[in-house]
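Engineer: just coords:
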């Protein structure tokens, strides 16, 4: 836990060992609010395919392999190490439909003290036969998953219906009952694209918007609500998301790669929606959330260029806030170095080739735009140096 | 020089030492057709400022420092090392107005055998007083620059009027005469933004388009024509560019950072325009041209999303071609591994964490989307391993 940030060390701490990182800057570790761990092996592949072809050629066949626990263990270990290398210590993660494999992620992150919400995916329609569950089977496996996570301090479960086009109302209703019984929240892809928003409404004609499907299914209000993408929200979507204190997660690279569009970050922020960032591996191709902070500024500029009405470029400080304090709040007292925060922090190296002393703000901006894991000099997770 | 690519080594080479790179893939080294070497220290800084503020706060004061040769030497050495680290062995480079400093770049690249076109920048109006030249002074320094480069095999000079808004017709006409006298081509920022295209026409009412200003000034046809950005070309711009076999250089990250817009790559390619890529350090924030190949695919998707009429997503193969063979052709027999090409090549490591054997194409795509200098196992420049 962070005790405080001081210009001069108070007398109480006089005896402690002091480490001097020179001109480096210490920042909170990053939070990734939308990432598909099983898609880690396919990052940066098939990136010029259209979404449906990409899912069928790469994603679905790959996700099927997680029926094999040994394969899952090997991939998830590499995935977790890459999160740590990139300074992502908190994450909201989609697994696959497979309970045991997804539990490996939960157990390892709990063991490491990484705060996380991890979900076994649910899908019972409009999916490849080899990934399509029955309602009963999906609910049974999900309940077993929730029970296996009980008592965890860091890595917690979250309900994870893939998205409205692949989940029947019967399945969603069953998940809603589990959410209420176990006080567990929900993550999904919400108004991700014009196609998805339209399909959600076509399949659920009694709902005015995508978000209402989850509300009517009893999935909201039991725990956190994490809405990935949220690119085409209606007024109703925004109102329901705000009512439950939900997080809208921008995944800048991914929504360009899948040609979904650009989130209206400035407008949503003005409306008081909690905004955060996600790598969306492997719709996105870079694991570092810091890269997405830079991309968020870039996309706000393009959004403004193409849709000036109601949009504007966001500042780098806004984007960095999304990647740290605002996203981190989902996991409790993380994403900040204020007193009382978990000491999950990174030491960013001052760029030695800048030919003048960079300010702390410039050091952080340079890192997010042009840096990589090699620019992180030290990592502290739960107060322990990795 | 590349003798050939063989499945089985011909008998003639039986005695030669063979190096086995296993599952790695060998690709041609990259060509960066638009990069500002002096802006290297400011990459990734002030990226949320608007262009004019960014130029005044960062770029112009920094460019003024190149009056100091020692500063230039230190920066340019770091810049060249970063080009090599990122596998960029051929580049079309803007220096500053300063002759001696810019000549350092030329000499070092010549010494290293890096093919380049390097320009001392010209600007005599609408510029900060401390960077604004007189017509006579600018032409005298430029001629001395051209003479100092004579006889170079690899690093050659190119005329570099910054862009129409900062160059009088008198200056451009003088540069045109130097171009004809020394058989030297020209690089500039062309129809870079709606503002620039409009300003170019306002200042040059006798010209139908930005490109015609350079044609009327006698700058075209003396050597290569390299047009950075080329986002809003009129039919006339395209016709003149094609008439002189000019290269249109897309700088994807930069044109988003400066909110210029998105090049119509597919449409220009259909028209038979030579397309290539530039990092545009420091409008762009990443030195690796491979990152811009990935970004070019991404931006073609956004262009199609927002302006479906006449645009379409390009393939990764298209973008890689721009970054290698098409851009490389500017420098002669580079950008390819075909027989007769200069042996400027990179060995890209097969990603060890892919959990299956990637195809050569996938290895290259993964590298461009998600890789970095650490994924280049070996670099060959002019046949010598670096």
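Structural biologist: Thanks, I have the structure now. Predicted model, so just to flag it, every value in this text is computed and none were measured.
Engineer: Just the pLDDT for the residue in the stretch 51-200 of chain A positioned nearest to chain B.
Structural biologist: Scanning the stretch 51-200 of chain A for the residue nearest chain B gives residue A:78, at 4.9 Å (criterion: Cβ to the nearest Cβ). To be clear about C-beta, it is placed using only N, CA and C from the backbone, and glycine gets the same treatment. Among the per-residue scores, residue A:78 shows a pLDDT of 96.
Engineer: and it, what helix or strand is that in?
Structural biologist: Element membership for residue A:78, per DSSP states H and E: helix A:69-85.
Engineer: what do you get for residue A:91?
Structural biologist: Per DSSP H and E, residue A:91 falls inside strand A:88-94.
Engineer: And for residue A:142?
Structural biologist: Residue A:142 belongs to helix A:135-148, assigned by DSSP H and E.
Engineer: how far does stretch A:212-224 stretch from start to finish?
Structural biologist: Start-to-end span of stretch A:212-224 (Cα to Cα, to the nearest Å) is 16 Å.
Engineer: oh, I was asking about stretch A:200-220
Structural biologist: Using Cα to Cα, the two ends of stretch A:200-220 sit 17 Å apart.
Engineer: Likewise for stretch A:60-78?
Structural biologist: End-to-end distance for stretch A:60-78, by Cα to Cα: 20 Å.
Engineer: Quick one: distance of it to the chain centre.
Structural biologist: 20 Å (Cα atoms, centre = their mean, to the nearest Å).
Engineer: now do stretch A:323-331
Structural biologist: 10 Å.
Engineer: can you tell if it touches chain B?
Structural biologist: No. On the criterion Cβ under 8 Å from any Cβ of the partner chain, stretch A:323-331 is out of touch with chain B, staying 14.2 Å away.
Engineer: What are the contacting residues of the helix or strand of chain A with the lowest mean pLDDT?
Structural biologist: Among the helical and strand segments of chain A, the one scoring lowest on mean pLDDT, DSSP states H and E is helix A:51-54, with a mean of 90. Under the contact criterion Cβ atoms under 8 Å, 6 or more residues apart in numbering or on different chains, helix A:51-54 has outside partners A:46-47, A:193, A:258-259.
Engineer: Out of these, the closest to chain B would be?
Structural biologist: For the contacts of helix A:51-54, the nearest to chain B is residue A:259 (4.7 Å; Cβ to the nearest Cβ).
Engineer: Which residue is the nearest non-sequential neighbour of the closest one?
Structural biologist: Nearest non-adjacent residue to residue A:259, counting by Cβ to Cβ, 6 or more residues apart in numbering or on different chains: residue B:301, 4.7 Å away.
Engineer: Now do that neighbour, the pLDDT please.
Structural biologist: pLDDT, residue B:301: 97.
Engineer: Check which residues of the helix or strand it falls within are buried.
Structural biologist: Here residue B:301, judged by DSSP H and E, is contained in helix B:289-306. The neighbour-count check on helix B:289-306 (16 or more other Cβ atoms under 10 Å in any protein chain shown) flags B:289-306 as buried.
Engineer: repeat for stretch A:366-385
Structural biologist: For stretch A:366-385, the buried set under the neighbour-count rule, 16+ other Cβ under 10 Å, comprises A:366-373, A:375-376, A:379-381.
Engineer: Quick one: mean pLDDT for that stretch?
Structural biologist: Mean predicted confidence for stretch A:366-385 is 96.
Engineer: mind listing what residue A:174 touches?
Structural biologist: Neighbours of residue A:174 in contact, by Cβ under 8 Å, 6+ apart: A:135, A:138-139.
Engineer: And these, which is closest to residue B:26?
Structural biologist: Within these, distances to residue B:26 taken as Cβ to Cβ reach their minimum at residue A:138, with 47.3 Å.
Engineer: Show the contacting residues for the closest residue to the closest one other than its chain neighbours.
Structural biologist: Nearest-residue entry for residue A:138: residue A:122, 4.9 Å, with adjacent residues in sequence omitted and distances by Cβ to Cβ, 6+ apart. Taking Cβ under 8 Å, 6+ apart as the contact definition, residue A:122 lies against A:97, A:133, A:138, A:142, A:159-162, A:167, A:171, A:175.
Engineer: circling back to that earlier point, check the offset of the strand holding residue A:91 from the chain's centre.
Structural biologist: 6 Å.
Engineer: Kindly report the same for stretch A:148-167.
Structural biologist: 13 Å.
Engineer: And for stretch A:19-32?
Structural biologist: How far stretch A:19-32 lies from its chain's middle: 21 Å, per Cα atoms, centre = their mean.
Engineer: So which bits of that stretch are buried?
Structural biologist: Neighbour-count burial for stretch A:19-32 [16+ other Cβ under 10 Å]: A:24-25, A:27-32.
Engineer: same check, this time on stretch A:225-237
Structural biologist: Buried, per 16+ other Cβ under 10 Å, within stretch A:225-237: A:225-234, A:237.
Engineer: for stretch A:266-281, same thing?
Structural biologist: A:266-269, A:271, A:273-281.
Engineer: Next, please give the residue ranges for the strands of chain A.
Structural biologist: Per DSSP state E, chain A carries strands over the ranges A:25-28, A:30-36, A:88-94, A:115-119, A:121-122, A:155-157, A:160-161, A:186-190, A:225-229, A:247-250, A:274-277, A:345-348, A:376-381, A:384-385.
Engineer: Kindly reformat those strands as TSV containing distance to residue A:6.
Structural biologist: Below are the strands of chain A laid out as TSV (distance: least, Cβ to Cβ, whole Å):
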stretch	distance to residue A:6
strand A:25-28	13
strand A:30-36	24
strand A:88-94	23
strand A:115-119	26
strand A:121-122	45
strand A:155-157	32
strand A:160-161	42
strand A:186-190	38
strand A:225-229	35
strand A:247-250	32
strand A:274-277	29
strand A:345-348	15
strand A:376-381	17
strand A:384-385	20
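Engineer: No further queries at this time; thank you.
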